[in-house]
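> predicted structure and sequence below. I'll ask about it afterward.
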Amino acid sequence: MTLLELAGVSVHYGRIQAVSELSITVEEGEIVALIGANGAGKSTTMRAISGIRPVSAGRVVFDGEDITRLRGDLRVVRGISQVPEGRGVFPGMTVAENLDMGAYARKDRKNLQEDLDRVFELFPRLLERRTQAGGTLSGGEQQMLAIGRALMAKPKLLLLDEPSMGLAPQFIQQIFRIITEINRQGTTVLLVEQNAQQALSRAHRAYVLETGRITRTGTGRELLADTSVKEAYLGVA
Ligand code: ATP
């Protein structure tokens, strides 16, 4: 079943067209990656899905419903949760309070403890630091916290914008392993990445975005083997 569909979506910032007639689908249960260079429109696409940025043309369909004009907070209620680029951890709040903020839109608050336990199981480091202020965590720990907070909304679709950005190599591996585990536990994932190698090896399918348009698509494996993808994004000539 198709969980998310973007059909001919365009997004503008004033006169600048950041995304042009973009069409992608994400099937339930998949990890889908969107790769591309700086300024290709990856973050803008994420913003169009989460509702932070309005679309100027096209349709966004989620879980069988047209959400093109739906407010961002109501999309969270429907099951779309975004981990923004730069993480957006609340620095003055503790780890536990940050996680609680992720659950604000939930109506079913009865399984909160269970979900918190699941987050702590995925990220034992957060359990150790649950009374510590978010702002005192390392970059990798803040990324964990941001993902944990998004999971507290119990999303059907988790949007991850550059989860590996600014992380040390051992954290990058760990974050991608955890993303795979979250997916295995039943959450569909759409992720945007400049680290094409990791993203393509973890994703079921991927799209290549260049100046606001999709130029290639295929399975992660196909794109890893694609000569032009290798040259442009994998640093292999
Ligand atoms: P990066 O990895 O550098 O974040 P990206 O692929 O996510 O790149 P976007 O951030 O979506 O790219 O940017 C796409 C285009 O839209 C770029 O040309 C960028 O300059 C422009 N853009 C992004 N945000 C704004 C904004 N708030 N105002 C004006 N132009 C913007």
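The structure has been received and is ready for your questions. Note that the structure is a prediction, hence the values are computed from the model and not measured. Residues are numbered from 1 along each chain as shown.
> every contact and neighbour count from this point should use C-alpha atoms.
Fine.
> and for A225, the neighbour number?
A225 has 10 neighbouring residues, counting by other C-alpha atoms under 10 Å.
> go on, E231?
Neighbours of E231 (other C-alpha under 10 Å): 11.
> okay, and it sits in which element?
helix 227-233 (DSSP states H and E).
> then G8?
For G8, the element it lies in under DSSP H and E is strand 2-13.
> any idea of the mean pLDDT in stretch 26-33?
For stretch 26-33, mean pLDDT rounds to 98.
> give me the beta-bridge partners of L157?
With DSSP bridges as the criterion, L157 is bridged to I80, T188.
> would you mind listing what in this protein touches the ligand?
Applying C-alpha under 6 Å from any ligand atom, we find that the chain lies next to the ligand at Y13, A18, A37, N38, G39, A40, G41, K42, S43, T44.
> contact partners of stretch 24-35?
Residues outside stretch 24-35 that contact it (C-alpha atoms under 8 Å, 6 or more residues apart in numbering): 1-7, 42, 180, 183, 186-196, 199-200, 202-209.
> same question, stretch 78-89
Against stretch 78-89 from outside (C-alpha under 8 Å, 6+ apart): 43, 50, 75, 98, 134-135, 142-143, 145-147, 150-151, 153-163.
> list the buried residues in that stretch.
Neighbour-count burial for stretch 78-89, counted by 16 or more other C-alpha atoms under 10 Å, picks out R78, G79, I80, S81, Q82, V83, P84, E85, R87, V89.
> what of stretch 61-75?
V61, F62, D63, I67, T68, G72, R75.
> now swap in stretch 35-44 and tell me
I35, G36, A37, A40, G41, K42, S43, T44.
> so the first one bridges to which residues?
In other words, I35. Applying DSSP bridges, one finds that I35 bridges with E193, V208.
> how far away is it from R216?
Plainly put, I35 is 10 Å away from R216 if you go by C-alpha to C-alpha, to the nearest Å.
> overlap in contacts, these two.
Residues touching both I35 and R216 (C-alpha under 8 Å, 6+ apart) are Y207, V208, L209.
> who's in contact with stretch 192-202?
Stretch 192-202 has contacts (C-alpha under 8 Å, 6+ apart) with 31, 33-38, 42-43, 160-164, 176, 180, 191, 206, 220-221, 223-224, 233-234.
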